[in-house]
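>>> Curious how this folds, go ahead:
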Amino acid sequence: MEFGRAFSHTQQDPDWLKKVGIAAALMLIPVVGWIAVLGWGLEITRRVINNETQTLPDWSNFADHLVRGLKGFVVSLVFSLPGGLINGCQGAMNALNNNPELLKNMDSTVVTVLSTGVGAVAICCGCIGFLLSIAATFVTPAALGNMMANNGDLGAAFRFTEVFALIRAAVGPYLMTLLGSLVVGFIVPFGLIACFIGVFFTAAWGTTVVSHLYGQAYNAAKAAQAATVAM
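Numbers count the residues shown, from 1 in each chain. So this is what the prediction gives:
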């Protein structure tokens, strides 16, 4: 895997400022803009997987980017849902524990036992939710890569046998993809230096980085699988 290339390929396109700038402007539009930029990024993933031109996609096919992004959004939502639900339960438990009005008419011993039990459940939910969120962040790139390798077939993202086989074949590359996502998440806030709009520009640039890593990780997994079969 060429980790550094994911961070440098964007600037090799002569029109990268224009294309990333359009993506940044679209991210100012709630929901629709973000979904379109996600689809634009997934086109980068598809190109990397298919060893096609490494220039950034232009915005002449906005509708295609939007449809592709909607599929990517569905995939991300489904994989993040378990962790989100568990974290929601933790929030409910904390709200219950911090609402004295619900407990004021109860015996103090009952209140103590109930508060302790609710607190313990909240802590367990927090730990499980955190682990599930990390797992979703780890698995989603493989699911999206499998989708884009199959011509954007949404069902391919939920062929769990194939998705987990990709991860098993290339744990290192997918860990590097996770690391790259964390690095991008650290860099993006620095866009505030260039006023508010700068954050959207760095976020759009970050999309090109993680999308490139998705494609690279998929290719690494398929190469590892092929090598295993050859043996």
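>>> Any regions of this structure where pLDDT drops low?
87-88, 90-122, 125-126, 190-197, 231 (pLDDT under 70).
>>> so the most centrally placed residue in it, which of the three states?
Nearest residue to the geometric centre of the chain (C-alpha atoms, centre = their mean): Thr137, 5.6 Å. Counting by DSSP: H, G, I helix; E, B strand; the rest coil, the backbone at Thr137 sits in helix.
>>> Leaving out chain neighbours, which residue sits closest to it?
Excluding the flanking residues, the one nearest Thr137 by C-beta to C-beta, 6 or more residues apart in numbering is Leu178, at 6.1 Å. C-beta coordinates here come from the backbone N, C-alpha and C atoms, glycine included.
>>> Can you get me a residue count around the one you found?
18 (other C-beta atoms under 10 Å).
>>> Who are the contact partners of it?
137-138, 141 (C-beta atoms under 8 Å, 6 or more residues apart in numbering).
>>> surely the residue nearest to the centre of the chain meets Leu179?
No - using C-beta atoms under 8 Å, Thr137 is not in contact with Leu179; the gap is 11.0 Å.
>>> Please, which helix or strand holds the nearest residue to Ile35 once chain neighbours are set aside?
Spatial nearest neighbour of Ile35, excluding adjacent residues (C-beta to C-beta, 6+ apart): Gly69 at 4.0 Å. Here Gly69, judged by DSSP states H and E, is contained in helix 62-97.
>>> about what we covered before: off-centre distance for the helix or strand where the residue nearest to Thr137 lies?
Applying DSSP H and E as the criterion places Leu178 in helix 171-187. In terms of C-alpha atoms, centre = their mean, to the nearest Å, the centre of helix 171-187 is set 10 Å apart from its chain centre.
>>> now do stretch 29-43
With C-alpha atoms, centre = their mean, you get 13 Å for stretch 29-43.
>>> Same check on stretch 19-38?
Per C-alpha atoms, centre = their mean, the centroid offset for stretch 19-38 relative to its chain is 16 Å.
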